[in-house]
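# Could you look at this predicted model? Sequence included:
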Amino acid sequence: MNDFDSTVVIVDDDPSVVKAVVRLLDSAGLKAASFTTPGEFLAAYDADQTGCLVLDLTMPNLSGLDLQGLLLQAGCAPPIIFLTGTADIPTSVKAMKLGAVDFLTKPVEDATLLSAIERALTDERAARARRRELIGIGARLQRLTPREREVFEHVVSGRLNKQIAADLGIAEKTIKVHRARVMEKLQVDSLAALVHLGERMGIRGSPSH
C-alpha cells in the first residue's frame with residue numbers, strides 16, 4: 001500500500017467522540033475508520049493496513065491499554081495515540097513506555113490531536129521504510145555462499161584481510177576475492193558501507209582473536 005492508503009482508526013465507546021474525531025479527520029483530508037468496541041476493531045483489523053490508531057483508554061471489557069498489549073504481543077501494533085477522560089499519569093507513563101505516540105486528555109484541541117496523528121503517521125511510514133530496507137538487505141545476504149558470509153562477518157568485526165586469511169586458513173588473495181564478491185552481492189562500494197549494512201542487520205561479526 002502507498003502512503004495515501006494510510007487510515008486513522010478510532011476506537012472509542014463514546015459515539016460523540018468518534019463522530020467528532022471522524023469529522024476532524026475528514027476536514028483534514030485524512031482517511032478514517034471507527035469502532036465503538038475493541039472487539040469490533042479486532043474482528044476487522046488488517047495488520048497490513050497502514051496508518052495509526054486513536055484509542056480510548058477506558059472501555060468496557062477490554063481497556064485501551066489491554067488492546068495495546070494484545071497488538072504488541074501479536075507483533076502488529078500500529079502507532080497509538082491514547083485519549084482519556086482523566087489525567088492518569090502512571091497509566092500514561094506505562095502506555096508511552098510500550099510505544100504510544102501520545103497520551104491526550106479529553107477534550108483535546110483539534111490542532112493537538114492532528115499534530116499527534118501526523119507524528120504517528122510519519123513514524124509509521126518511517127518504520128515501514130525500515131522494514132522494507134531490512135527485507136531487501138536480508139534477500140541480498142541470502143545470496144552469499146557460506147564462505148562469503150564467514151568473510152563478511154570477519155570484515156564487519158574489523159579484521160584485516162591477512163588476519164581473516166590466518167583465521168580461516170586460506171590465502172590472503174582468496175580473501176580479497178571473497179570480499180569483492182561480498183561487496184558486489186550486497187551492493188555496497190566501500191568498507192564503511194559494508195560495516196553499516198552489517199550493523200543494520202544486527203551482525204557484529206566474529207570476535208577478534
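Received it, and whenever you're ready, just let me know what you need.
# got the contact list for L121?
Neighbouring residues of L121 by C-beta atoms under 8 Å, 6 or more residues apart in numbering: 6, 8, 51-52, 79. In this view, the C-beta of every residue, glycine as well, is placed from N, C-alpha and C.
# which element is it on?
Applying DSSP states H and E as the criterion places L121 in helix 110-141.
# List the buried residues in that helix.
113-114, 116-117, 120-121, 124-125, 137, 141 (16 or more other C-beta atoms under 10 Å).
# and if you look at stretch 25-32?
In stretch 25-32, counting by 16+ other C-beta under 10 Å, buried: 25, 30, 32.
# The second one touches I117, doesn't it?
Yes - applying C-beta atoms under 8 Å as the test, L30 and I117 come out as touching, 7.1 Å apart.
# hey, what's in contact with both of those two?
With C-beta under 8 Å, 6+ apart, L30 and I117 have common neighbours V8.
# ok, back up a step: show the average pLDDT along the helix holding L121.
Averaging pLDDT along helix 110-141 gives 92.
# Can you pull out the low-pLDDT segments for the chain?
1-5, 87, 204-209 (pLDDT under 70).
# again, only this time at 50
Low-confidence segments of the chain (pLDDT under 50): 1-4, 207-209.
# gap between the residue most central in space within the chain and T105?
Residue closest to the average C-alpha location in the chain (C-alpha atoms, centre = their mean): A127, at 3.7 Å. Noted for A127: a distance of 26 Å to T105, by C-beta to C-beta, to the nearest Å.
# which ones are touching the residue lying farthest from the centre of the chain?
Largest separation from the mean C-alpha position in the chain: A171, at 42.2 Å (C-alpha atoms, centre = their mean). Shown in contact with A171 (C-beta under 8 Å, 6+ apart): A165.
# T37 too?
T37 neighbours (C-beta under 8 Å, 6+ apart): 11, 13, 59-62.
# Please tell me how far the nearest residue to G138 once chain neighbours are set aside sits from L134.
Computed as C-beta to C-beta, 6 or more residues apart in numbering, the closest residue to G138 that is not its neighbour in sequence is M201, at 7.0 Å. Distance of M201 to L134, given as C-beta to C-beta: 7 Å.
# and this protein, what are its domains?
Structural domains annotated on the chain: 3-132, 143-200, as defined by automatic domain parsing.
# State the distance from L57 to E150.
51 Å.
# got it, and P78?
39 Å.
# picking up where we left off before, L57 and E150 - which one has more neighbours?
Just comparing L57 and E150: by other C-beta atoms under 10 Å the higher neighbour count belongs to L57, 23 against 17.
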